[in-house]
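1. Prediction below, plus the sequence it came from.
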Amino acid sequence: MKGVLLVNLGSPDSPEKKDVKKYLRQFLMDERVIDEPLWLRTLLVKGIILNTRPRKSAKAYKKIWWDEGSPLIVLSNRLLKKVNNLTSVNVSLAMRYGNPSIFDGIKELSEKGITEILLIPLYPQHAMASTETILVLAEKIRKENFSHIEFTNLPAFYNHPDYIRVLSNSIQDHLKGKEWDHLLFSYHGIPERHIRKTDITNSHCKIDGKCCNNSSPAHEFCYRHHCYETTKKVAKYLELKEGSYSSSFQSRLAGQPWLKPYTDKVVENFANNGTKKMAIVTPAFVSDCLETLEEIGMEAKDDFIEKGGEQFHVIPCLNDNDSWVKVLSRWIDEWAVS
């Protein structure tokens, strides 16, 4: 019997410092997030970051926390409920970090007699620190605890026509009746070294502005290429004029170079250069979360207005958008009958 496991990023159990610290420890100790040797990762995370970051992050989570709980968890559950109402197979939900865990999600399906699971990482673009870490952990859990179950992995869907259509229509719907001079596609940032590590050719990815446009097998797992392709295809679908849109990368840590340009710097530059009306969309996230609601919806917006901007339109993630639910449900049913 077949079933599906949707897997999202995750969230602390509460916005309190102790829960945020526990969540950050699990997240940052992931070797695919901070890909340093264990001794150095431990020193950085437990010796430095966890001594200061939890307090700051807890304040940020409290600003965006809903009465029902973490926005990401609430929105993911809404998506789950709608998908379960439309599909012919059992669908469960798990988080890479926090609760419900991937182990719990697989266990729930196994107890229903499921022997084949379609794993759906809720990330349109493939990255070492998102899709890959989900697939690796899920496979480890399967081998150690559920060897009777077989996995099928949904590939990155950044360029799937259905996804591009739904994302484009969502942008168009949310900007209807609003004025904007520039549309910024802000993607989650990752260290540049992650791009080189996932280059299956070991030679193509130069991060020089050209490699993403030259055809290569490396593009299958290249996050940067996936992001720029998403922007390009949405711009084509919406018939956006050249120069009226661009891409950037947010949420970086100090240290080695991360993908550029940085969203906060881009927003600041637009304001300083006289742009009065901006719109921003965050296509690396399927569900709104701390990075979209606080970092973009509050910090970036405040910075833009403070520096002379007038209007800053933040386009919500797809969340439980009915068109997105129908697309996801159709993908699931197509797999279920294959």
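-> That came through fine. What you are looking at is a predicted structure, and each value in this text was computed from that prediction instead of being measured.

2. Apart from its neighbours in sequence, what residue is nearest Ile280?
-> The shortest distance from Ile280 to any non-neighbouring residue, by Cβ to Cβ, 6 or more residues apart in numbering, is to Leu184 (4.6 Å). For every residue, glycine as well, the C-beta is placed using N, CA and C.

3. State the mean pLDDT of whatever helix or strand that neighbour lives in.
-> Using DSSP states H and E, Leu184 sits within strand 182-188. Strand 182-188 comes out with an average pLDDT of 98.

4. Mind listing what's buried along the helix or strand following it?
-> Under the assignment DSSP H and E, the closest C-terminal helix or strand after strand 182-188 is helix 192-197. Going by neighbour count (16 or more other Cβ atoms under 10 Å), the buried part of helix 192-197 is Glu192, His194, Ile195, Arg196.

5. that older thread, I figured the residue nearest to Ile280 was touching Pro283, is that so?
-> No: here Leu184 lies out of contact with Pro283, judged by Cβ atoms under 8 Å, at a distance of 10.9 Å.

6. Between these two, which has more neighbouring residues?
-> The residue with more neighbours, out of Leu184 and Pro283, is Pro283; 26 against 23, by other Cβ atoms under 10 Å.

7. Pretty sure that one sits in a helix.
-> No: counting by DSSP: H, G, I helix; E, B strand; the rest coil, Pro283 is not part of a helix but coil.

8. Leu119 sits in which helix or strand?
-> strand 116-121.

9. strand partners of that strand, parallel vs antiparallel please.
-> As defined by DSSP bridges, the strand partners of strand 116-121 come to strand 2-11 (parallel), strand 150-153 (parallel).

10. Can you tell me which of those strands is nearest to Ser170?
-> Ser170 lies closest, by Cβ to Cβ, to one member of the strands paired with strand 116-121: strand 2-11, at 18.0 Å.

11. The closest one to strand 182-188, inter-axis angle?
-> 100 degrees (axes from the mean of the first three to the mean of the last three Cα atoms, to 10 degrees).

12. Kindly provide the distance from the nearest residue to Asn153 once chain neighbours are set aside to Leu109.
-> What sits nearest to Asn153 in space, not counting adjacent residues and going by Cβ to Cβ, 6+ apart, is Leu119, at 5.0 Å. Relative to Leu109, Leu119 is positioned 11 Å away (Cβ to Cβ, to the nearest Å).

13. follow-up on the earlier one: identify the residues contacting the residue nearest to Ile280.
-> Tyr245, Ser246, Ser247, Ser248, Thr263, Val266, Val267, Phe270, Met278, Ala279, Ile280, Val281 (Cβ atoms under 8 Å, 6 or more residues apart in numbering).

14. And for Ser329?
-> Here Ser329 is in contact with Val83, Leu86, Thr87 (Cβ under 8 Å, 6+ apart).

15. coming back round to it: what is the burial count for the residue nearest to Asn153?
-> With other Cβ under 10 Å as criterion, Leu119 counts 22.

16. My guess is Glu294 contacts Trp65. True?
-> No: look at Glu294 against Trp65 with Cβ under 8 Å: they stay out of range, at 10.1 Å.

17. Just give me the closest of the contacts of Ser329 to Lys59.
-> Among the contacts of Ser329, and counting by Cβ to Cβ, the member closest to Lys59 is Val83, at 33.4 Å.

18. circling back: Thr275 versus the residue nearest to Ile280, what's the distance?
-> Using Cβ to Cβ, Leu184 is found at 10 Å from Thr275.

19. And Cys289, by the same measure?
-> Relative to Thr275, and taking Cβ to Cβ, Cys289 is found at 26 Å.

20. now swap in Glu294 and tell me
-> Glu294 sits 22 Å away from Thr275, going by Cβ to Cβ.

21. before we move on, back to that, more neighbours, Cys289 and Thr275?
-> The neighbour comparison of Cys289 against Thr275 (other Cβ under 10 Å) goes to Cys289, with 25 against 18.

22. Contacts only, for that one.
-> Contacts of Cys289 (Cβ under 8 Å, 6+ apart): Leu9, Ser11, Pro71, Leu72, Cys317.

23. Not counting residues beside it along the chain, what's closest to the third one?
-> Of all residues not flanking Pro71 in the chain, Asp288 sits nearest, at 5.5 Å (Cβ to Cβ, 6+ apart).

24. So that neighbour is in contact with Pro316, correct?
-> Yes: counting by Cβ under 8 Å, Asp288 touches Pro316, with 5.9 Å between them.

25. ok, these two, which is more surrounded?
-> Asp288 (21 against 18).
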